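[1] just a sequence and a predicted model for now, questions to come.
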Amino acid sequence: MTPALSPAWPERAAWGTAPSLRAWQQAAMTKYFSDQPRDFLAVATPGAGKTTFALSVAAELLGRRIVDRIIVVAPTEHLKLQWAEAAARAGIPIDPTYAAGKGKTSGDYVGVAVTYAGVAVNPLAMRIRAERFKTLVILDEVHHAGDALSWGEGVREAFEPAARRLALTGTPFRSDINPIPFVTYAPGPDGVPRSVADYTYGYAHALADHVVRPVLFMAYSGDMTWRTRAGDEVSARLGEPLTKDLTNQALRTALDPQGSWMPSVLAAADKRLSEVRRHVPDAGGLVIATDQDSARAYAKLLKQISGESPTVVLSDEKLASKKISAFTDSDARWMVAVRMVSEGVDVPRLAVGVYATTTSTPLFFAQAVGRFVRARARGETASVFLPSVPSLLGFASEMEVERDHVLGRKVTDEGDIFAAEDELLARANESESASAELEMSFEALGSEARFDRVLFDGGEWGHAGEVQVGSEEEMDFLGIPGLLEPDQMRELLRQRQSDRARKQKAVATPAEAAGDSVAQLSTHEQLAVLRRELNGLVAAWHHRTGQAHGITHAALRKECGGPAAAVANAEQLHARIDRLREWAATRKSS
């Protein structure tokens, strides 16, 4: 279906033919040309097709001669190339090698692609270019304009005179004190200013439209041991309630390539990838590492596990973009990257991920998971392996929650300090000498991985207690077929958990069976039983009302308070169970 927006569309041979648009892209374009705004913010989940939407708008504006030139602003050098390639397919030639201050570019181009950092270096040169022509500025992943004060000021100074500005983002905004240029803010329910999008297409909608894949989160816990700077030896279980500092140190211990946790999780992820490739032969995997040293060490482990050398992408390498492109076009199993592949980079065949970084902000988590959700065929699912850290489990349970940019407060995040993107990139690329201070804070002594649980569509499945890696119980979930519709996935997860529970009951002694009550279980087992009961009630509510599981969980949280079910305490889970039973009773009586 082509956009019926301009009578001139069929005559615009210079700008190529109109792409086939998805329903949301068509609706967003209709709104755009109906409102005719100077500034427009489109928020669409990763993998939904923001680039196609933006280039369709650009082609229409060029065809109507509302604009004469295009400037694309992207976060990274690789994304400049990606935009230029996509624009070329749409018949819009864009120069990805242009740099602010370069002056003129070839007359064969109608646009240029630059980075936010490049704009900040010489905003005046970009302003002159935007003033000379009627210019459309496409601000890709516009939240980066709020990362650093210099970036935001540069964008505002450079593009204030632009005829049109189209801002795009595919990830949740965060809370900070730097307003994003050309974004409208309005007071929220608490009086704090929040960003206002002109069109929003969230993950829940995209999932219902089969535009993105559903995500299966495989969470792993385990025992960690490390030595503090004071010389004290500390042991803790990843996934149990810990202080912020202990959680950070336990996570760093788990991600240490010299321990047993990472090799075990990488081996499990490789097994999962093999299962997926039985149904999707070119499916690939991605490990997102904290720094370069870890990335290289993980690559060595993967070579030992899979027998194939992974592609290693380090964002300060000159050949990084070529490596990503080569991996995209191949059928190689694994790529290991430091942050660079966390946002915007399009590798549609990625189906299995390992979240092996200490960065745990909601923004970065959504960016990382967004690399795996692009749908190519019905039934494809994504599998992401992650540590059982409360913040990450909460993010995984709330994939469908939409967040606006909140002004007036600077927040810190469990697991990593809040920092600007350029600071995070610098930290990600630091060497052993640069991270000496962190190394002195603690010394990882040992780690052991345990399979904890599976999170899917706001609910979770697993066992009453962790299980050994490599066990039959773990394989119940690692061996899930690579092609399943969401309803089939939910049913299979319920069935496998039910089968396992029956087997465990069958082998239990009479005394064990008699004592099998919630009151006699450990805290961890009690919470697992309560979460299973809640998930069962949510599933029954779904069959009765058709309401998605994630939406029901969100509604229960809103009414009862507390965090996501994955990290809620027993009292909070009981409250949600009681409330859902009240809903069911009210619906039945009416």
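    The structure has been received and is ready for your questions. Residues are numbered from 1 along each chain as shown.

[2] low-scoring stretches of the stretch 151-300 of the chain, by residue?
    Using pLDDT under 70 as the threshold, the predicted model of the stretch 151-300 of the chain has low-confidence ranges 171-177.

[3] ranges for the strands of it?
    The residue ranges that make up the strands of the stretch 151-300 of the chain, judged by DSSP state E, counting those that start in this stretch, are 164-169, 175-176, 185-187, 193-195, 199-201, 215-228, 233-238, 284-289.

[4] mean neighbour count and distance to Ser388 added to those, as CSV?
    Yep, even glycine has a C-beta here, placed from its N, CA and C like the rest. Putting those into CSV (neighbours: other CB atoms under 10 Å; distance: least, CB to CB, whole Å) gives the following:
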stretch, mean neighbour count, distance to Ser388
strand 164-169, 25, 29
strand 175-176, 19, 25
strand 185-187, 12, 36
strand 193-195, 20, 31
strand 199-201, 20, 31
strand 215-228, 22, 4
strand 233-238, 16, 6
strand 284-289, 28, 17
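
[5] please name whichever of these is nearest to Asp140.
    strand 164-169 (5.3 Å; CB to CB).

[6] now that closest one, how far from the centre of its chain.
    In terms of CA atoms, centre = their mean, to the nearest Å, the gap separating the centre of strand 164-169 from the centre of its chain is 21 Å.

[7] which residue sits closest to Glu474, ignoring its sequence neighbours?
    Nearest non-adjacent residue to Glu474, counting by CB to CB, 6 or more residues apart in numbering: Phe451, 4.3 Å away.

[8] in the sheet, who's paired with the one you found?
    Assessed by DSSP bridges, Phe451 has beta-bridge partners Tyr220, Val467.

[9] wait, what's in contact with it?
    Phe451 is in contact with 218, 220, 268, 462, 466-469, 471, 473-474, 477, counting by CB atoms under 8 Å, 6 or more residues apart in numbering.

[10] how about 7 Å then?
    By CB atoms under 7 Å, 6 or more residues apart in numbering, the residues touching Phe451 are 220, 466-467, 469, 474.

[11] return the item of these having minimum pLDDT.
    By predicted confidence (pLDDT), the lowest-ranked of those is Glu466, with 69.

[12] nearest spatial neighbour of Arg252, skipping sequence neighbours?
    Nearest in space to Arg252, with sequence neighbours left out and distances taken as CB to CB, 6+ apart, is Thr358 at 6.2 Å.

[13] ditto for Ser106
    Take Ser106 and drop its neighbours on the chain: the residue closest to it by CB to CB, 6+ apart is Asp95, 6.7 Å away.

[14] what about that neighbour, neighbour count?
    When neighbours are counted by other CB atoms under 10 Å, Asp95 registers 18.

[15] what's near enough to touch it?
    Neighbouring residues of Asp95 by CB under 7 Å, 6+ apart: 105-106, 109, 112-113.

[16] how about Val469?
    When contacts are taken as CB under 7 Å, 6+ apart, Val469 is in contact with 264, 268, 449-451.

[17] what's the weakest-modelled helix or strand in this protein?
    The least trusted helix or strand in the chain, going by mean pLDDT, DSSP states H and E, turns out to be helix 421-428, with a mean of 41.

[18] hang on, the earlier thing: reformat the contacts of Asp95 as TSV; add pLDDT and secondary structure.
    Output for those, formatted as TSV (pLDDT from 0 to 100; DSSP: H, G, I helix; E, B strand; the rest coil):
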residue	pLDDT	secondary structure
Thr105	79	coil
Ser106	83	coil
Tyr109	91	coil
Val112	95	strand
Ala113	95	strand
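
[19] which two of those residues have the greatest separation?
    Based on CB to CB, the longest span within these runs between Ser106 and Ala113 and measures 13.7 Å.

[20] more neighbours, those two?
    Neighbours of Ser106 and Ala113, each counted by other CB under 10 Å, are more numerous for Ala113; the result is 26 against 9.

[21] and that one, bridged to which residues?
    The residues listed as beta-bridge partners of Ala113 by DSSP bridges are Val72.

[22] contacting residues for it?
    72, 74, 80, 83-84, 94-96, 98.

[23] so which of those residues wins on neighbours?
    For the contacts of Ala113, counting by other CB under 10 Å, the largest number of neighbours falls to Val72: 30 neighbours.

[24] export the contacts of Asp95 to JSON lines and tack on distance to Val354?
    As requested, these are arranged in JSON lines below (distance: CB to CB, whole Å):
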{"residue": "Thr105", "distance to Val354": "41"}
{"residue": "Ser106", "distance to Val354": "42"}
{"residue": "Tyr109", "distance to Val354": "40"}
{"residue": "Val112", "distance to Val354": "36"}
{"residue": "Ala113", "distance to Val354": "31"}
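
[25] just the closest of those to Ala575, please.
    Ala113 (51.1 Å).

[26] measure that closest one to Ala99 for me?
    Between Ala113 and Ala99 the distance is 10 Å, computed by CB to CB, to the nearest Å.

[27] got it, and Arg502?
    Taking CB to CB as the measure, Arg502 and Ala99 are separated by 65 Å.

[28] so between the two, which is more surrounded?
    Taking Arg502 and Ala99 together and counting by other CB under 10 Å, Ala99 has the greater number of neighbours (15 against 9).

[29] assign a three-state SS to that one, would you?
    Each residue gets one of three states, and Ala99 gets coil by DSSP: H, G, I helix; E, B strand; the rest coil.

[30] need the contact list for it.
    Neighbouring residues of Ala99 by CB under 7 Å, 6+ apart: Gly118.

[31] out of the contacts of Phe451, flag the one nearest to Leu393.
    Looking at the contacts of Phe451 and their distance to Leu393, the nearest is Tyr220, at 11.2 Å (CB to CB).

[32] test my guess that that closest one contacts Pro387.
    Yes. The pair Tyr220 / Pro387 is scored as a contact, 6.3 Å apart, by CB atoms under 7 Å.

[33] report how many residues lie close to Val112.
    Residues contacting Val112 under the criterion other CB under 10 Å number 23.

[34] how about it: what's its closest non-neighbour residue?
    Excluding the flanking residues, the one nearest Val112 by CB to CB, 6+ apart is Tyr98, at 3.7 Å.

[35] what residues does stretch 552-566 touch?
    For stretch 552-566, the surrounding residues in contact (CB under 7 Å, 6+ apart) are 393-394, 396-398, 401, 455, 458, 460, 531, 534, 538, 541-542, 568, 572-573, 575-576, 579-580.

[36] how long is it from one end to the other?
    For stretch 552-566, the first-to-last residue distance is 14 Å (CA to CA, to the nearest Å).

[37] end to end, how far does stretch 353-373 reach?
    From the first residue to the last, stretch 353-373 extends over 11 Å; the measure is CA to CA.

[38] oops, could you answer that again for stretch 544-564 instead?
    End residues of stretch 544-564 are separated by 23 Å (CA to CA).

[39] before we move on, what about stretch 337-347?
    Looking at stretch 337-347, the gap from its leading to its trailing residue is 13 Å under the measure CA to CA.

[40] can you tell me the average pLDDT over it?
    Summarised as a single mean, pLDDT over stretch 337-347 is 69.

[41] and what of stretch 371-380?
    Mean predicted confidence for stretch 371-380 is 88.
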